[in-house]
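Novice: following is a predicted model, sequence given first.
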Amino acid sequence: MTDEAQALGRRVAQARKRRGLSQRELARLLDRSETWLSQVERGVRKIDRMSVLERVAEVLEVPLAELAPDRPVVAAVHERPAPAVDLTLALSSSNALAAVLADRSSANLQELTGSVDQAWALVHAAEYERVSDLMMRLLPELEFAARASDGEVQTAIYTALARTYHACAAVLSKLGEPSGAWVSADRAIAAAERSGDALLMAEGAFRLALVFQSARLYDQVIQTASTAVDALSVRVDARDPAGISLSGSLVLQMAITEARRNNADQAYAHLAEAERLARSLGADRNDYGTEFGPTNVTLHQVTVAVELGDAGRALRIASDFDPADLSPERRSRYQVELARAHAQRRDAAAAVAAIREAYDIAPELVVGHPTVHALLSDLLRTEGGRATEVGDLARQVGMTL
């Protein structure tokens with residue numbers, strides 16, 4: 001029995017109960033045996049055929065993306081975004097080797113660190129084409145500068161290099177490129193160690209957890225995040241704000257993972273710990289690019305509720321939530337979570353409105369977003385009266401219909 005089969009079985013059972021159907025009634029509607037359905041709901045039988053899974057979703061009147069979010073959606077086929085192609089090519093370049101073999105030359109530290117700050121501003125604004133153009137130039141420059149300097153300047157260059165690889169990992173994770181993001185995060189951790197900044201290494205663990213999250217490697221998320229949280233405990237006990245922010249961000253990733261595994265008690269326990277850490281900060285911060293604080297914790301409360309299929313809870317939290325202080329990337333992501341919640345409630349109009357809002361805030365985040373594509377694919381199948389509006393939005397976000 002696998003985690004995936006168990007999670008799918010729980011979702012089927014929850015959707016069946018919401019519709020007020022017994023196992024016998026649902027099995028009859030599916031033209032299956034009651035024993036078959038019981039095995040599916042208990043997670044001892046997998047649904048391997050997409051056609052069967054689509055039929056289950058249709059009978060239960062739930063979006064396929066909510067019933068089985070890990071399954072690919074054929075209608076969501078799209079080309080790789082140009083920034084993803086560019087950044088993976090940058091990572092494939094032998095910049096470090098070229099730097100080692102080249103003649104040493106001086107580096108302009110102020111100019112380089114200013115470019116890194118600009119890159120992170122573009123990441124938070126979800127302007128991925130601009131940030132990829134910048135990093136295509138910046139990565140080789142930093143690799144050369146790290147070998148062309150020494151002493152305190154070299155330490156500062158390695159700090160800038162680690163931050164740039166972190167930014168690269170963040171973008172590639174959001175663009176659905178986990179292999180490239182993994183390489184980038186690993187290089188960031190190595191550069192951070194050379195810089196002597198332990199918390200920059202902890203940021204690497206956070207980026208790596210995000211990579212594993214996007215690749216649905218949930219055991220690795222928990223292993224990476226929990227060991228990093230343990231290591232950071234000395235900084236948390238010392239009330240170091242940056243250490244608290246990093247620890248809280250890692251705990252939030254564990255909460256999402258447990259929600260995706262349908263382990264509600266563990267997910268809410270992690271949320272409670274993150275909320276405690278956010279209260280100890282007393283305000284929203286952005287240490288090491290985490291945007292951790294009370295506002296970000298609330299956003300994750302919405303996400304966890306959606307992952308657990310509790311759209312009512314998600315929308316109740318959202319009714320009193322103002323994400324205005326978050327970056328455009330986080331605000332756009334929040335609108336996608338609202339769209340998922342509305343889709344769970346079969347409110348197509350609200351789901352479409354939320355996706356449009358997400359697109360208006362950060363179009364490059366939404367174009368090619370697999371969750372958005374899956375939601376719109378379901379709406380195209382089920383909302384005949386709104387097909388034109390949904391189709392127009394689907395084409396706007398890069399879907400091939």
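Specialist: Nice, thanks for sending it over.
Novice: domain ranges for the chain, per the record?
Specialist: 3-62, 82-196 (automatic domain parsing).
Novice: where's the residue positioned nearest the centre of the chain relative to Arg279, distance?
Specialist: The centroid of the chain falls nearest to Ser214 when counting by CA atoms, centre = their mean (5.6 Å). Taking CB to CB, to the nearest Å as the measure, Ser214 and Arg279 are separated by 29 Å. Glycine gets a C-beta too; all of them are placed from N, C-alpha and C.
Novice: go on, Ala353?
Specialist: Taking CB to CB, one finds Ala353 at 33 Å from Arg279.
Novice: on that earlier part again, and the residue nearest to the centre of the chain, how far is that from Ile355?
Specialist: For Ser214, the distance to Ile355 - CB to CB - is 20 Å.
Novice: quick one on the thing from earlier: lowest average confidence across the domains of the chain, which one?
Specialist: Per-stretch mean pLDDT for those is lowest at domain 3-62 (a mean of 81).
Novice: residues contacting Ala145?
Specialist: Neighbouring residues of Ala145 by CB atoms under 8 Å, 6 or more residues apart in numbering: 107, 109, 112, 157.
Novice: and if we set it to 7 Å?
Specialist: Shown in contact with Ala145 (CB atoms under 7 Å, 6 or more residues apart in numbering): 107, 112, 157.
Novice: was I right about Glu54 contacting Leu64?
Specialist: Yes - at 6.0 Å, Glu54 and Leu64 qualify as touching, with contact defined as CB atoms under 7 Å.
Novice: which of these two has more neighbours?
Specialist: Leu64 (21 against 17; other CB atoms under 10 Å).
Novice: report pLDDT for that one.
Specialist: 74.
Novice: pretty sure it sits against Arg55.
Specialist: No - with contact defined as CB under 7 Å, Leu64 does not reach Arg55; the gap is 10.2 Å.
Novice: distance of Met399 from Ala190?
Specialist: In terms of CB to CB, Met399 sits 38 Å off from Ala190.
Novice: same question for Glu141.
Specialist: Counting by CB to CB, the gap from Glu141 to Ala190 is 18 Å.
Novice: neighbour-wise, which of those two wins?
Specialist: Glu141 (20 against 16).
Novice: secondary structure class for the more buried one?
Specialist: Here Glu141 is helix, with the state taken from DSSP: H, G, I helix; E, B strand; the rest coil.
Novice: SS state for the closest residue to it other than its chain neighbours?
Specialist: Take Glu141 and drop its neighbours on the chain: the residue closest to it by CB to CB, 6 or more residues apart in numbering is Leu112, 6.5 Å away. Here Leu112 is helix, with the state taken from three-state DSSP.
Novice: before we move on, the earlier item: most packed of the domains of the chain?
Specialist: Mean neighbour count (mean count of other CB atoms under 10 Å) peaks for domain 82-196 among the domains of the chain, with a mean of 19.
Novice: tally of neighbours for Arg340?
Specialist: 28.
Novice: check it and give its pLDDT.
Specialist: With respect to pLDDT, Arg340 has a value of 91.
Novice: and it, what does it touch?
Specialist: Arg340 neighbours (CB under 7 Å, 6+ apart): 66, 306, 371, 375.
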